[in-house]
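Peer 1: have a look at this prediction, sequence included:
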Protein chains: 2
Amino acid sequence: MNATLPAHLLTMERRPVPAEMIAALKARFGERCSTAQAVREQHGRDESPFEVAPPDAVVFAESADEVAAAVALADHYAVPVIAFGTGSSLEGHLLAVQGGLSIDVSRMNRIVHLHSEDLTVTVQPGVTRNQLNNEIRHTGLFFPIDPGADASIGGMAATRASGTNAVRYGTMRENVLALQVVTASGEILRTGTRAKKSSAGYDLTRLMVGSEGTLGIITEVTLKLYPQPESVSAAICHFPDIAAAVATTIQIIQMGVPIARCELLDANAVRAVNQHDKLALRVAPMLLMEFHGSAASVAEQAHMVQEVAREHGGEDFEWATTPEERTRLWAARHRAYFAGMSANPGCRTVTTDTCVPISRLAECIDLAVREADGAGLPYYIVGHVGDGNFHIAYLIDPKIPAERDTAERLNEQLVHHALKLEGTCTGEHGIGLHKQGFLVDEAGLATVQMMRVLKQALDPKNILNPGKIFSL
Amino acid sequence: MNATLPAHLLTMERRPVPAEMIAALKARFGERCSTAQAVREQHGRDESPFEVAPPDAVVFAESADEVAAAVALADHYAVPVIAFGTGSSLEGHLLAVQGGLSIDVSRMNRIVHLHSEDLTVTVQPGVTRNQLNNEIRHTGLFFPIDPGADASIGGMAATRASGTNAVRYGTMRENVLALQVVTASGEILRTGTRAKKSSAGYDLTRLMVGSEGTLGIITEVTLKLYPQPESVSAAICHFPDIAAAVATTIQIIQMGVPIARCELLDANAVRAVNQHDKLALRVAPMLLMEFHGSAASVAEQAHMVQEVAREHGGEDFEWATTPEERTRLWAARHRAYFAGMSANPGCRTVTTDTCVPISRLAECIDLAVREADGAGLPYYIVGHVGDGNFHIAYLIDPKIPAERDTAERLNEQLVHHALKLEGTCTGEHGIGLHKQGFLVDEAGLATVQMMRVLKQALDPKNILNPGKIFSL
């Protein structure tokens, strides 16, 4: 544990994996159970600004039965278990703040059932979003949810992830049909079926989606797929200022244009992306948009959006006409996080994730920009603005505590502003270690207490990713 | 209690409201607390085939505080509480199988906040779907979820209802953003915000949606709204047989046509609707469809669908060109349930609600038709076939037990077939009293046990609509 973690986590009891349990794991997993320092450290960090908090051991599971066996042992010895996919969490989900066992599911990377005739697919949790789309490309279908990283589907379900396509296709909340889950006692069960809708009892699927590994470990995910649109068209449009880009977005959404992607990049983000991806975009606030549909529908959407953008001073509407151009632009957008970091070598980012009702977005971004400008930290903004969600990433030198403090203060001011605007502290990254205070501010003590009661009911020994979302 | 209830409910302990609690309710609610036989009976029945099981008292609540006060009393005396909206459940949700208190929320029928600029609205639970759409019409927005009855929004949330528009707009699962809920201890809390997406902790909103009043009583609902489409066009198309209509539907969905409504009526349903609504539809299986979008998009969708229908022998593609014609057709569709009943005076219906992956729909309906034909009971079929969901309503004489037995046997065969096809026993009606065995068949004992654990954690005295979904 290290001093950069929130104070309440510094005083948490450690619950190390006892030697007897290590022996049992080695007996079961052989070389796929590791206690090597490097392996443990790799599994005790993520893309959050926190330093590593390694688990005591790591097992590489290859089946739901193996996950269940490992969890049953953890249950017996009452030690923490944390599932690990690709390690791309931004909120410290993977840090073993009490020690314990990391269950790496990245080798569970098989497509279990592809039902293209029903637009559904069932995958193991270690399948990544890019892998999935590569493997199903021949069917003419695709899976739209795309967080910045090439995250695992299990991790995306666990954090209720979304990304650039959510404005049209929804988030993991809307796109997970069913799960296979290992419970805290090591039992394997299923939630949901492949039916598109159901009223059969409590919605355990959606209770597990976004539970950050604290209620069960996901071992299979059944997803909705979508036909690849007949026509796709992407465009960029530059604006005199961020406010104009945001005003354009708000109007597009209010008009009900079924835009597939509507992303804001501020001038700082454009500069970083230019440098990192060798692009030559004009350094000014821009919207990066995509339209899906029939040829006629795409043309119609584009026409409406151009009109709206022009009213708000949008210039240089440029079309990415070839798939290659489109891919290049979107890849650059997805790498904005790394582009921002590589522009300031050695830095870490503190990333905000507020999401507000669309009519409040201009006010929320305006405040964020003014406060970031006033504070003097380098930052950039990228945003899924069609959803009212944006990220301001403050670039800090991890060796200078005052920079972290400033970033955290800015984050806190922004969150409290977003809550006043009836928004949420996290649109898609989750609570993890970082936003536990914000969760209470947002939901209220009584609601968080209801979450605690559910956690205690399903995980009485508190072994499933303890210390995340809230402490007990 | 009566002999038509499932056996396990006949042996349930009654927990009547004690005189002392009645006195406390009368002190608080005055004339809005009733123990009159007629009022109690009206609140102890619904549209299910079960006979009335009246609560001991009814209060007419006018605010969340009043609901909370009534629940706090029920908690103190450990007696059941059941929320009542319009009484349109098909599954016995409103029957007071252990006695207790009915909290009628139909007077909580106010729109609390309309945020047309964000496409959201917050309503009290007693607002009905038609009332909501009438009250927001001037904004150019609408709320699409439309079960057959003019149900209350609170009841629709509690049963995870859907209807004819779900194929395009989703169900209550996708369209409830946030709730205000009274817990089993009489506390008022909020789940969710007005943000379009969030990763802030457990998804309590979706845990409550579909929980059938067993985890909390809904006192406010925040919903997504949609812009009224620029262009709407409805059509009917007749087919030589049900299989052809279903094959057409499957292909439309697999092609990704964003059809807004795609409803099947079999010849029996058409006949009943003709008679009840004085229409002159050709008595043959038909699809009743609707397209939403821009004028160009609607024309394009209609063109594609006509092509597909023609390939499958669809004839007489007839367009309802005026809003009046459209309204007349859809009103008739929504009244199919009553049309079917009025065709056989004195009858009750046993209604199936299976929902299967779209590719399995033809097989599932085919079996249902063959078995119903073989059994000799009158029946009709209506279906939200774009979702893989359909209802076969068996018309029975409630005075002839053998007819009920036959209907229940047919329902059971159909459910088990749907489960084999990876579907669900209930697409939109809920479990209630009727489908508790089916829930176990569908989800498995371990999964139902997880639901029980959640119920016991949130409602330790089992006062919230006890005996529904499962017995403890």
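Peer 2: Happy to help now that I have it. Worth saying up front: this structure is predicted, and the values here are computed from it rather than measured.
Peer 1: least confident secondary structure element in chain A?
Peer 2: helix A:7-10 (a mean of 74; mean pLDDT, DSSP states H and E).
Peer 1: send me that one as PDB with only the CA atoms.
Peer 2: What follows is helix A:7-10 as a C-alpha-only set of coordinates in PDB (Å, rounded to 0.1, in the frame of the first residue of the first chain):
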ATOM      1  CA  ALA A   7      -6.700   7.800   3.500                       C
ATOM      2  CA  HIS A   8      -9.400   5.300   4.400                       C
ATOM      3  CA  LEU A   9      -7.700   2.600   2.400                       C
ATOM      4  CA  LEU A  10      -4.400   3.100   4.200                       C
END
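Peer 1: tell me the mean pLDDT for the helix or strand following that helix?
Peer 2: Next helix or strand after helix A:7-10 toward the C-terminus (DSSP states H and E): helix A:19-29. For helix A:19-29, the mean per-residue pLDDT is 98.
Peer 1: in the least confident helix or strand of chain A, what's buried?
Peer 2: For helix A:7-10, burial by neighbour count (16 or more other CB atoms under 10 Å in any protein chain shown) applies to A:Leu9. For every residue, glycine as well, the C-beta is placed using N, CA and C.
Peer 1: over to stretch A:337-348?
Peer 2: By neighbour count with 16+ other CB under 10 Å, stretch A:337-348 contains the buried residues A:Tyr337, A:Phe338, A:Ala339, A:Gly340, A:Met341, A:Ala343, A:Cys347, A:Arg348.
Peer 1: OK, contacts around the residue in the stretch 251-400 of chain A that chain B sits nearest to?
Peer 2: Closest residue of the stretch 251-400 of chain A to chain B, CB to the nearest CB: A:Gly256 (3.5 Å). Going by CB atoms under 8 Å, 6 or more residues apart in numbering or on different chains, A:Gly256 touches B:Tyr226, B:Pro227, B:Pro229.
Peer 1: what residues does the stretch 201-350 of chain A have near chain B?
Peer 2: Residues of the stretch 201-350 of chain A that fall close to chain B, judged by CB under 8 Å from any CB of the partner chain: A:201-204, A:206-207, A:209-211, A:215, A:226-227, A:229, A:253-256, A:293-294, A:296-297, A:300.
Peer 1: helices and strands around the top helix by length along chain A, which ones?
Peer 2: Using DSSP state H, we find that the single longest helix of chain A is helix A:401-420. Contacts defined by 3 or more CB pairs under 8 Å, 6 or more residues apart in numbering or on different chains; DSSP states H and E place helix A:401-420 against strand A:348-351, helix A:361-375, strand A:389-396, helix A:436-443.
Peer 1: how about a cut-off of 6 Å?
Peer 2: Secondary-structure packing of helix A:401-420 (3 or more CB pairs under 6 Å, 6 or more residues apart in numbering or on different chains; DSSP states H and E): helix A:361-375, strand A:389-396, helix A:436-443.
Peer 1: got the domain ranges for chain A?
Peer 2: Here the domain assignment for chain A is A:7-107, A:111-227, A:231-420, based on automatic domain parsing.
Peer 1: out of the contacts of A:Gly256, who has the most neighbours?
Peer 2: Highest neighbour count within the contacts of A:Gly256: B:Pro229, with 19 neighbours (other CB atoms under 10 Å in any protein chain shown).
Peer 1: pLDDT wise, what is the closest residue to that residue other than its chain neighbours at?
Peer 2: Spatial nearest neighbour of B:Pro229, excluding adjacent residues (CB to CB, 6 or more residues apart in numbering or on different chains): B:His292 at 3.7 Å. Note on B:His292: pLDDT of 95.
Peer 1: what do you get for A:Ala3?
Peer 2: pLDDT, A:Ala3: 38.
Peer 1: how many neighbouring residues does the nearest residue to A:Cys237 once chain neighbours are set aside have?
Peer 2: Counting by CB to CB, 6+ apart, A:Gly314 is the residue found nearest to A:Cys237 once chain neighbours are left out, at 4.5 Å. A:Gly314 sits with 23 neighbouring residues when counted by other CB under 10 Å.
Peer 1: close enough to count as contact, A:Gly314 and A:Phe239?
Peer 2: Yes: look at A:Gly314 against A:Phe239 with CB atoms under 6 Å: they come within range, at 5.4 Å.
Peer 1: what are the ranges of the helices in the stretch 251-400 of chain A?
Peer 2: A:267-277, A:295-311, A:323-334, A:336-342, A:361-375 (DSSP state H, counting those that start in this stretch).
Peer 1: so what's A:Ser152 closest to, chain neighbours aside?
Peer 2: Counting by CB to CB, 6+ apart, A:Ser152 lies nearest to A:Gly85, which is 3.0 Å off, once chain neighbours are set aside.
Peer 1: try A:Leu9
Peer 2: Looking at A:Leu9 with CB to CB, 6+ apart, the closest residue is A:Val97, at 5.1 Å.
Peer 1: list the residues that contact the one you found.
Peer 2: By CB atoms under 6 Å, 6 or more residues apart in numbering or on different chains, A:Val97 lies in contact with A:Leu9, A:Met12, A:Ala53, A:Gly467.
Peer 1: that's a helix at the third one, yeah?
Peer 2: What it means is A:Ala53. No: looking at A:Ala53 with DSSP: H, G, I helix; E, B strand; the rest coil, it is coil, so not inside a helix.
Peer 1: ok, it - contacts?
Peer 2: A:Met1, A:Gly44, A:Leu95, A:Ala96, A:Val97 are the contacts of A:Ala53 under CB under 6 Å, 6+ apart.
Peer 1: name the member of those with the most neighbours.
Peer 2: Highest neighbour count within the contacts of A:Ala53: A:Ala96, with 32 neighbours (other CB under 10 Å).
Peer 1: next, give phi and psi for the closest residue to that one other than its chain neighbours.
Peer 2: Nearest residue to A:Ala96 in three dimensions, chain neighbours excluded: A:Pro55, at 3.8 Å (CB to CB, 6+ apart). A:Pro55 adopts backbone torsions of phi -70, psi 170, taken as degrees, to the nearest 10.
Peer 1: what do you get for the one 4 residues further on?
Peer 2: Backbone dihedrals for A:Val59, given as degrees, to the nearest 10, come out at phi -120, psi 140.
Peer 1: how many other residues sit next to it?
Peer 2: The number of residues packed near A:Val59 is 26, by other CB under 10 Å.
Peer 1: again with A:His391
Peer 2: Look at A:His391: counted by other CB under 10 Å, it has 26 neighbours.
Peer 1: one step back: format the contacts of A:Ala53 as JSON lines; extra columns: secondary structure.
Peer 2: Below are the contacts of A:Ala53 laid out as JSON lines (three-state DSSP):
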{"residue": "A:Met1", "secondary structure": "coil"}
{"residue": "A:Gly44", "secondary structure": "coil"}
{"residue": "A:Leu95", "secondary structure": "coil"}
{"residue": "A:Ala96", "secondary structure": "coil"}
{"residue": "A:Val97", "secondary structure": "strand"}
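Peer 1: pick out the most distant pair among those residues.
Peer 2: Greatest spatial distance among these (CB to CB): A:Met1 and A:Gly44, at 10.2 Å.
Peer 1: alright, calling it a day.
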